[in-house]
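In: build me a model:
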Amino acid sequence: MPIQMHSAQDLFAYQLSCMYVFEQQNVQTLERLSEEVTSEAARGPIQHHLEETREQVGMLEQCFQALDQEPQKVTVHAAQGLTQDHDAFVKLKPDPELLTVYDLEAAAKVEHLEVAAYRGLADKASTMGQKEVARLLREILKQEEDAVRELEAAAKELARQAIKEPALAS
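Out: Numbering: from 1, shown residues only. Coordinates of the predicted model:
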């Protein structure tokens, strides 16, 4: 049966389902990136966030349990588009170091999207009086904010190195 959208609770359940699917897809993407990156400095933040993302999937399942609902079957076009962007970049056959910088920056971009989504979901859960759901979503939000900082710092350092190396060879 198609999803009915008649109340703020319907919207909340839909958006929560979108993040559940998004996080599941993110686990697959982070596993792929972890294998793809060439730098241990990049692999560490990606693997760290991979473990957190697996944990977040579980926390989202707890949210659905607290709401006495099941996640809806939804398509998250943003996740598919980000994967397509990555695949298009890989087809350009970038040097491994540049692919690593790209991967870190792409992962940070994903985290920014997640921060915005979880901020809104946590606010809605609080407004709806869903204290446990709001607590779980705030916990995920904090992890996402920390991940942004960690991924951006690693990307910034590797990008600096990539920019300086050609200048030294000249």
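
In: give me the mean pLDDT for the helix or strand hosting E152.
Out: Assigned by DSSP states H and E, E152 belongs to helix 131-169. Averaging pLDDT along helix 131-169 yields 87.

In: same check, this time on stretch 38-54
Out: Averaging pLDDT along stretch 38-54 yields 90.

In: the strands in the protein, which residues?
Out: Applying DSSP state E to the chain gives no strands.

In: where do the helices sit along it?
Out: Remark: helices assigned in the chain by DSSP state H are 8-36, 40-67, 77-90, 96-127, 131-169.

In: the helix holding E152 - contacts with which helices or strands?
Out: helix 40-67, helix 96-127 (3 or more Cβ pairs under 8 Å, 6 or more residues apart in numbering; DSSP states H and E). Where you see a C-beta, it was placed from the backbone N, CA and C, and this is true even at glycine.

In: I'd like those helices written out as a markdown table, with mean neighbour count and distance to D87 added.
Out: Shown next, in a markdown table, are these (neighbours: other Cβ atoms under 10 Å; distance: least, Cβ to Cβ, whole Å):
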| stretch | mean neighbour count | distance to D87 |
| --- | --- | --- |
| helix 40-67 | 18 | 17 |
| helix 96-127 | 19 | 11 |
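
In: just put those in a markdown table and tack on distance to Y20.
Out: Formatted as a markdown table, these follow (distance: least, Cβ to Cβ, whole Å):
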| stretch | distance to Y20 |
| --- | --- |
| helix 40-67 | 5 |
| helix 96-127 | 11 |
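
In: what angle do the helix holding E152 and helix 40-67 make?
Out: 170 degrees (axes from the mean of the first three to the mean of the last three Cα atoms, to 10 degrees).

In: what angle sits between helix 131-169 and helix 96-127?
Out: Using the same axes, to 10 degrees: helix 131-169 against helix 96-127 is 160 degrees.

In: any idea how far helix 131-169 is from the chain center?
Out: Mean C-alpha position of helix 131-169 versus that of the full chain (Cα atoms, centre = their mean, to the nearest Å) differs by 11 Å.
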